[in-house]
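> mind folding the following:
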Amino acid sequence: MISVGAQGGWLTRGAGNDTIYEEQSVVGVNSIYCLQKIKQIMAMAAAVAMVMGLGADEVRSLDLSGDRMQSTVSEIVMGLEETLQLNADEQLHWITSEPSVLTVGNDGMVHAVGCGKADVIAESTHCRKIWHTTVKASPESVSFSRQNITMGAGESVIIQMVLPDDTAACDKQFSVSDSHVVEIIPSGDSVRLTAKREGTAIVSVQLYNGVSTSCRIEVRSAPETVQLREKSMTVGVGEKVSLNAILPDNTASDQILFVTDNSSVIHMTKTDGTGEFTALRQGKAQITVCLYNGVKASCQVTVMAAPMNVELSQTDIQMKIGNQTQIEAILPEQTAARQRNFRSSDEKVIRIRQQDKKATIQAVGAGTAYVTVKLYNGIEKSCQVTVWDGPIIEVRNGVTYMDGVLIVNKTYPLPRTYGKGLDKTAKAAFQKMKSDAEKAGIHLYIVSGFRSYDVQAALYQSYCAERGQKAADRFSARPGHSEHQSGLAMDINSVYDSFADTAEAKWLKNNCHRYGFIIRYPKGKESVTGYKYESWHIRYVGKELAEKLNQRQITLEEYFGIDSVYKDSDN
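Modelled structure (predicted):
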């Protein structure tokens, strides 16, 4: 049964919906009105329904009975089983249009008992108040639009309470664990946070059914400065770039806004938190980052033409496992591409570590792979990389190099035309060694340096004639196989075995590696080098390699895993 207070009386509808009575309780007389009176009352209710299109919480006045009655209409959304006290300034009669959805007490206490829509109506002799009410499911969870916020002192942020779809909660209580750190001002489903001082606080909301959630707020000092990683940058037309603001340590600003002074050159696609833009056309523009407290920083952006091709600084790379090298992308003039992404075709062979516009290639396994650079506009360029398990062997103009070190012995010859004199770097290293030796009372000098192919041929033939080829092959190289032809070898002070017992020979053995030299044919290594011990014969290999060989007490053949044997003999 529905009871409606109407103009000071009560309208009662029977359960059969076929009879409507109006009880004139004011005059204390019970009487039954005719159907015409019923239709008048129903028309009045229809007029009230016309205002249901009003927005949430909007209220208007409607005169339904001439000068005798004013009506106001509001909208409410509640959760199932929620209770809401509707306040009234005077004594009213309370009724509900759908008791299966809402119940209301004589004191205006509304209880949502079922999902759906219903009206709560309160009347007196001169006014009517109507609440169009929607009851949704009771929320089983609640969240904030943000779970963790870091703010600067004095900053204000608004967060929103979020409920699952098709649920509602009219009654909610916001609270903060420390109002000295954060001040809160609730407004509907949102709450405004204002950072008061440094510290941490928890902002919470609890719904009518006990469901709750919280947001952690950390307040830091207000930043006095802000920086962008770059004060200027050059990009290509069509390129998309992100900018991040850098704040001083222990400061914060939740509000970080990016703006540009020339939107015809760059278009800001994201302005809040991170500055993201797209370069539209060639020209210049300035991007400025602004914090909540007015602190600013700027970056000058130059937009150039998009590159139509790209080259690499290396085209064919040979590497040894464990080694690394750098490669760079080279663009045509008057073009730009900030984004140059390098990748490896096989990370079991090479791995890429990118640093801005360059990349470091790390050789990790034997094989062949490709390093490719790709620009923002899809332009690509690749380079083949071969990684060796052992020394990188290259033959250039008939000369063999291993890991960049020239190799000449009984297995690896030099061309007849190779060599023009003593290598300048080797000569300078010897002069430095000689000078330092002098300070220690040791006198060093070169008795034999560079020898051409023809000079070595004549010398070798003389030894063969004198001692026989087998004996000569132990101490003299055949033409094309002599290290002296390389310009990197020298005989110091003497070419006789007695030199080994001199102070000069001992100093040379203990110190030559410090200057990039090695004793090329050491004692006890004849089966490895192919030559007997020569205490006077030094070879320049560079300080790094000389230190390694001296520390391990090995020869070039042992280091590179090669032999030294003539093809037509066992020597």
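> how is this structure divided into domains?
As given by automatic domain parsing, the domain ranges for the chain are 2-136, 143-220, 227-304, 311-390, 409-560.
> quick one, which of those gets closest to residue 399.
domain 409-560 (6.2 Å; C-beta to C-beta). Bear in mind the C-beta positions are built from the backbone N, C-alpha and C, glycine included.
> mind putting the domains of the chain into a markdown table with mean neighbour count and distance to residue 399?
Converted to a markdown table, the domains of the chain look like this (neighbours: other C-beta atoms under 10 Å; distance: least, C-beta to C-beta, whole Å):
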| stretch | mean neighbour count | distance to residue 399 |
| --- | --- | --- |
| domain 2-136 | 15 | 86 |
| domain 143-220 | 17 | 64 |
| domain 227-304 | 17 | 43 |
| domain 311-390 | 16 | 15 |
| domain 409-560 | 17 | 6 |
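> relative to residue 400, which of these is closest?
Per C-beta to C-beta, nearest to residue 400 of the domains of the chain: domain 409-560, 4.4 Å.
> pLDDT of that closest one, averaged?
Domain 409-560 carries an average pLDDT of 95.
> and that domain, how far from the chain's centre?
Offset of domain 409-560 from its chain centre (C-alpha atoms, centre = their mean, to the nearest Å): 54 Å.
> how long is it end to end?
Domain 409-560 has an end-to-end distance of 13 Å (C-alpha to C-alpha, to the nearest Å).
> could you do stretch 429-449 as well?
14 Å.
> please save the CA atoms from the one helix or strand residue 268 maps to in CSV.
Counting by DSSP states H and E, the element that carries residue 268 is strand 266-270. Provided in CSV are the C-alpha atoms of strand 266-270 (Å, rounded to 0.1, in the frame of the first residue of the first chain):
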residue,chain,number,x,y,z
ILE,A,266,55.9,21.5,-32.7
HIS,A,267,52.7,20.1,-31.4
MET,A,268,52.5,19.2,-27.7
THR,A,269,50.8,15.7,-27.4
LYS,A,270,51.3,15.4,-23.7
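> give me the low-pLDDT residue ranges for the protein?
1-69, 88-90, 569-571 (pLDDT under 70).
> can you show me the helices along it?
Secondary structure of the chain (DSSP state H): helices at 35-49, 424-439, 453-467, 469-475, 503-511, 526-529, 543-552, 556-560.
> before we move on, back to that, the domains of the chain: which one's closest to residue 403?
Across these, closest to residue 403 is domain 311-390 (C-beta to C-beta), at 5.9 Å.
> from the chain's centroid, how far away is the closest one?
The answer for domain 311-390 is 20 Å, by C-alpha atoms, centre = their mean.
> what is the end-to-end distance of it?
Start-to-end, domain 311-390 (C-alpha to C-alpha) is 30 Å.
> columns distance to residue 95 on top of the helices of the chain, output as JSON lines?
JSON lines is the format used below for the helices of the chain (distance: least, C-beta to C-beta, whole Å):
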{"stretch": "helix 35-49", "distance to residue 95": "12"}
{"stretch": "helix 424-439", "distance to residue 95": "106"}
{"stretch": "helix 453-467", "distance to residue 95": "121"}
{"stretch": "helix 469-475", "distance to residue 95": "124"}
{"stretch": "helix 503-511", "distance to residue 95": "111"}
{"stretch": "helix 526-529", "distance to residue 95": "111"}
{"stretch": "helix 543-552", "distance to residue 95": "98"}
{"stretch": "helix 556-560", "distance to residue 95": "102"}
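> which of the ones you listed sits closest to residue 302?
Using C-beta to C-beta, the helices of the chain put helix 543-552 closest to residue 302, at 42.1 Å.
> tilt between the closest one and helix 503-511?
For helix 543-552 against helix 503-511, the angle by axes from the mean of the first three to the mean of the last three C-alpha atoms, to 10 degrees is 100 degrees.
> just the CA atoms of helix 543-552, as CSV, please.
Extracted in CSV, the C-alpha atoms of helix 543-552 (Å, rounded to 0.1, in the frame of the first residue of the first chain):
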residue,chain,number,x,y,z
LYS,A,543,102.7,-1.9,-24.6
GLU,A,544,99.4,-3.6,-24.0
LEU,A,545,100.3,-6.8,-25.8
ALA,A,546,103.9,-6.8,-24.6
GLU,A,547,102.7,-6.6,-20.9
LYS,A,548,100.4,-9.6,-21.5
LEU,A,549,103.1,-11.7,-23.1
ASN,A,550,105.7,-10.8,-20.4
GLN,A,551,103.2,-11.6,-17.6
ARG,A,552,102.4,-15.0,-19.1
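> list the helices and strands that helix packs on?
Identification of packing neighbours for helix 543-552 by 3 or more C-beta pairs under 8 Å, 6 or more residues apart in numbering; DSSP states H and E yields strand 517-521, helix 556-560.
> and of the ones you listed, who's closest to residue 508?
strand 517-521 (7.3 Å).
> that closest one vs helix 424-439, what angle?
Using the same axes, to 10 degrees: strand 517-521 against helix 424-439 is 100 degrees.
> parallel or antiparallel, list what pairs with strand 517-521.
Partner strands for strand 517-521, per DSSP bridges, with pairing direction: strand 534-540 (antiparallel).
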